[in-house]
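Engineer: I need the structure of the sequence given here:
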Amino acid sequence: MMIYEKLIPKNNIKPYKLLFFFICWIFLWSSMGTITNGSNDSGNSINFLNYINILRNVTIYLLLLFLIILTVKNKFSYYLILLIYPCVAFSNELYNNLHNLNSIDWQHFLKIFFIILLIHNLYIENNFNFQLTVTLMKISLIILVIFFTFFILPEIIHSISHNVNVRSFDLLEKNVLFFTVKNFFTFRQNSNGASRIILLIYIYILLKYSFKSIKNKKKINFYFFLSFLLGFFIYIYQSRTNFIAYFIILIFILKNNRFLSGRIKLLFIFLFVSYPLLIPNNYYLQNRILFTKGSIQQDNIISGGSQYRFTKGSIQQDNIISGGSQYRYLYENIIPCVTFETIADKYSSGRICGWEILLKDIKYKKILFGEGYSADKKLLKIFQKTSSNSFINLLYNSGIFALLSYLIFFFYLFYKKFNFQFFVHDNKYVVFSSYVIMYIIFRAFFEDTITFLNIDLILILNSILLINKISK
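Structural biologist: Model (predicted):
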């Protein structure tokens, strides 16, 4: 009973409505990973997993139907402006590729539609108070910790114990508490995604450690050790975006903290700069591609970032012996980038080239409504996987209207709802939400992080909702 009262504080919302919202939230998180056939040879097992997946998707679509009914009955909120993007993008996709419509695009459209309507209805529902919104954040944090414990931590332990770079670990085999599960869930995270999850947990742990004076020394030592360990894990993933964000957030949390002594703050900074010394010298991933003798000349290679690009006609597919998963090859429709050899493109892992390609390809006739959902992927193909920039993604796929809708949404948020005093608020979930909002907006300039349903989109909308509830 006490656990229930902590998770579900007193409120005036109708029980059936409260239950509906929490079911939506759980299914929202579950919809990010797809249960697959796995490697089991039993046909019954495969069918069973497929049935679970189908049942889950059908449930989400039924919940979406109820959300649409609720939305029609409720008044307007500024969250609904975000619907312009999925509606415009998917309408273009239907118009341009009606006969070749990708079912994955259809699912992405429905899921992003789902989360926007859910957050809108939670915002409109006045009886869904601030404390209930905090409960949603607690659920999200619990899910992140479970994900870290079962999927990321075993990967780190495996890589360190075998002296291999964690970035090269084969994600087709996931160690779950040291038992191998092959292709059961598609909760795959690259180094950027995994370190993002660790960083989010780190922010919460650091705030919990430093938010108020803790008299219990065991708790102090535990939180300090945990924050040190998580910081170390962020470093070994070598994600530049997240490591920069980690440093900036650490500095701001320490600067705004009223309880930690100057000596403890200096210790955190010292630990940050000492992480490189803790990495073994042989903890290194060789980025190399092997070719048959005479298949390619050095002057045909245009290097950029962690990938190699080739001039048109310089290489044939059958000449490739092996290549790491980081390398992508394009054998046709090569679009040259003047930024290939620049330092900026090199250290952005080829992102700047991808942005250049998309911006150069924008057509005057489609500047208003864009090319269609996931059109950036179809253009870049295996040359560049995605645009890796949410705002360029919005402009290219959905045009100026969709981009403006997001910019207006964030402008209204910061102009009317957000207060920078939230960074020093008495409630740690308000402080945490403030850092999450700033961090994910920062990530949006280097990832497609707010253009489809993923951890970032759920957490930023959850954080904005929490801020909105306390601002009312």
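Engineer: burial count for Trp29?
Structural biologist: 17 (other Cβ atoms under 10 Å). For glycine as for every other residue, the C-beta is placed from the backbone atoms N, C-alpha and C.
Engineer: elements contacting the helix or strand harbouring it?
Structural biologist: Assigned by DSSP states H and E, Trp29 belongs to helix 15-30. For helix 15-30, the elements it packs on are helix 43-73, helix 103-124, helix 130-147, judged by 3 or more Cβ pairs under 8 Å, 6 or more residues apart in numbering; DSSP states H and E.
Engineer: what lies in contact with the last one?
Structural biologist: Which is helix 130-147. 7-11, 13, 18, 22, 25-26, 29, 122, 187, 197, 200-201, 204, 427, 429, 432-433, 455, 458-459, 462-463, 465-466, 469-470 (Cβ atoms under 8 Å, 6 or more residues apart in numbering).
Engineer: among these, which ones are buried?
Structural biologist: 18, 22, 25, 29, 122, 187, 197, 200-201, 204, 429, 432-433, 455, 458-459, 462-463, 465-466, 469-470 (16 or more other Cβ atoms under 10 Å).
Engineer: from the residues you listed, which land in helices?
Structural biologist: 18, 22, 25, 29, 122, 197, 200-201, 204, 429, 432-433, 455, 458-459, 462-463, 465-466, 469-470 (DSSP state H).
Engineer: okay, the helices and strands packed on helix 15-30, which one's buried deepest?
Structural biologist: Across these, averaging neighbours per residue (mean count of other Cβ atoms under 10 Å) puts helix 103-124 on top, at a mean of 20.
Engineer: angle of it against helix 15-30?
Structural biologist: 140 degrees (axes from the mean of the first three to the mean of the last three Cα atoms, to 10 degrees).
Engineer: just checking, what packs against helix 103-124?
Structural biologist: So helix 103-124, by 3+ Cβ pairs under 8 Å, 6+ apart, packs with helix 15-30, helix 43-73, helix 84-96, helix 455-471.
Engineer: closest to Tyr412 out of those?
Structural biologist: For Tyr412, the closest of these is helix 455-471, at 10.6 Å, according to Cβ to Cβ.
Engineer: the closest one packs against which elements?
Structural biologist: So helix 455-471, by 3+ Cβ pairs under 8 Å, 6+ apart, packs with helix 103-124, helix 130-147, helix 191-210, helix 428-444.
Engineer: redo those as a markdown table? Include distance to Ile357 and mean pLDDT.
Structural biologist: Converted to a markdown table, the helices and strands packed on helix 455-471 look like this (distance: least, Cβ to Cβ, whole Å; pLDDT from 0 to 100):
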| stretch | distance to Ile357 | mean pLDDT |
| --- | --- | --- |
| helix 103-124 | 20 | 87 |
| helix 130-147 | 33 | 94 |
| helix 191-210 | 20 | 90 |
| helix 428-444 | 19 | 95 |
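Engineer: dump those into TSV; add distance to Leu413 as well.
Structural biologist: Listed next are the helices and strands packed on helix 455-471 as TSV, based on distance: least, Cβ to Cβ, whole Å:
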stretch	distance to Leu413
helix 103-124	12
helix 130-147	15
helix 191-210	20
helix 428-444	8
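Engineer: to Gln421, which of those lies closest?
Structural biologist: helix 428-444 (9.3 Å).
Engineer: residues contacting that closest one, please?
Structural biologist: So helix 428-444 is contacted by 134, 137, 196, 199-200, 203-204, 207-208, 211, 241-242, 245, 249, 252-253, 389-391, 410, 418, 422-425, 449-450, 456, 459-460, 462-464, 466-467, 470 (Cβ under 8 Å, 6+ apart).
Engineer: of those, keep whichever come out buried.
Structural biologist: For the contacts of helix 428-444, buried by 16+ other Cβ under 10 Å: 134, 137, 196, 199-200, 203-204, 207-208, 211, 241-242, 245, 249, 253, 389-391, 418, 422, 425, 449-450, 456, 459-460, 462-464, 466-467, 470.
Engineer: would you mark the buried spots in stretch 352-369?
Structural biologist: Within stretch 352-369, the residues scored as buried using 16+ other Cβ under 10 Å are Ile352, Cys353, Gly354, Trp355, Glu356, Ile357, Leu358, Ile362, Lys366, Phe369.
Engineer: in helices, which of those appear?
Structural biologist: Ile352, Cys353, Gly354, Trp355, Glu356, Ile357, Leu358.
Engineer: could those residues go into CSV alongside pLDDT and distance to Lys218?
Structural biologist: Shown next, in CSV, are those (pLDDT from 0 to 100; distance: Cβ to Cβ, whole Å):
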residue, pLDDT, distance to Lys218
Ile352, 77, 48
Cys353, 77, 51
Gly354, 78, 49
Trp355, 81, 49
Glu356, 79, 54
Ile357, 79, 54
Leu358, 82, 53
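Engineer: ok, the residues you listed vs Tyr235, which is closest?
Structural biologist: For these, the nearest to Tyr235 is Ile352 (24.2 Å; Cβ to Cβ).
Engineer: now the closest one: how far from Asn257?
Structural biologist: Noted for Ile352: a distance of 36 Å to Asn257, by Cβ to Cβ, to the nearest Å.
Engineer: repeat for Gly399
Structural biologist: Taken as Cβ to Cβ, the span from Gly399 to Asn257 is 44 Å.
Engineer: repeat for Ile470
Structural biologist: Look at Ile470 and Asn257: by Cβ to Cβ, they are 20 Å apart.
Engineer: ok, now Val145?
Structural biologist: 23 Å.
Engineer: what's the answer for Ile156, then?
Structural biologist: Taking Cβ to Cβ, one finds Ile156 at 28 Å from Asn257.
Engineer: same question, Glu356
Structural biologist: Distance from Glu356 to Asn257, by Cβ to Cβ: 41 Å.
Engineer: how about Phe411?
Structural biologist: 30 Å.
Engineer: and those two? Which one has more around it.
Structural biologist: Asn257 (18 against 11).
Engineer: list the contacts of that one.
Structural biologist: So Asn257 contacts Ser210, Lys265 (Cβ under 8 Å, 6+ apart).
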